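[1] okay, structure incoming, though there's no sequence with it:
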């Protein structure tokens, strides 16, 4: 259940483009054709699927405070967390070079259409953001890290695929001159981001409803709790007579 929840949450709720607006440069520049967007999106999925779990291993067994304790007790106090950015970027750059070699070998047309943006995946903030979010959210296992990397890549892929399909249709539409190009693209991206916000209640809506029901039940129970009211007892006639006799005796 944890894997399924993280998978769909990373795609729809914490979407790299529509929730955190990461990887916007490639998203805007390579989304003019669906075929190009599919190629770059597949490359992003592959790179994130490899780099996020690999960086998880680096973080947990090398970078974190005490992570080197597996080498011996004398290394238990080492803290290499200040090297996180360098190590993460080095891992990403290595994987991007591997992807570039494979694409150039097996799909020269796609390699030429992607142009400079394929090697620029190495500095794509969505790729680095996936590893940094993995670290900051303290994902507990390498399996969940792999799940998160694949799902985040799929989320970015869906975003660039959607905007590419829309931009191909808009090409034949009568868009006002001031909005042509990036103007209408930003507007459409904002509208899609608003649409993706509706997925925020997909996993949390039931919990919020449960909390509201519990709160309502507590209020009703509090209202139905009997309240003890102090009553004032009036003296009986015998007591009044005894009190009068006592006063007369004293006089």
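    Done, it's in. Computed from a predicted model, the values in this text were never measured in an experiment.
[2] if I look at residue 183, how far off is residue 60?
    45 Å (CB to CB, to the nearest Å). Any C-beta I mention is one placed from the backbone N, CA and C, and that applies to glycine too.
[3] hmm, I was thinking of residue 120
    29 Å.
[4] residue 183 and residue 60: which is more packed in?
    In this view residue 183 and residue 60 are compared by other CB atoms under 10 Å, and residue 60 has more residues nearby, 16 against 13.
[5] can you tell me the closest non-neighbouring residue to that one?
    Distance criterion CB to CB, 6 or more residues apart in numbering; nearest residue to residue 60, sequence neighbours excluded, is residue 67 at 6.0 Å.
[6] how many neighbours does the one you found have?
    Residues lying near residue 67 (other CB under 10 Å) number 19.
[7] pLDDT wise, what is it at?
    The model reports residue 67 with a pLDDT of 87.
[8] please enumerate the helices of the stretch 101-250 of the chain.
    Here the stretch 101-250 of the chain has its helices, by DSSP state H, counting those that start in this stretch, at 108-114, 125-136, 142-170, 182-197, 201-224, 237-250.
[9] give me the contact list for the shortest one.
    For helix 108-114, the external contacting residues (CB atoms under 8 Å, 6 or more residues apart in numbering) are 30, 33, 35, 36, 39, 40, 43, 100, 103, 104, 118.
[10] quick one, which of these are buried?
    Buried members of the contacts of helix 108-114, scored by 16 or more other CB atoms under 10 Å, are 30, 36, 39, 40, 43, 100, 103, 118.
[11] just those residues now: which is nearest residue 134?
    Distance to residue 134, by CB to CB, is smallest for residue 43 among the buried ones among the contacts of helix 108-114, at 19.4 Å.
[12] done for today, thanks.
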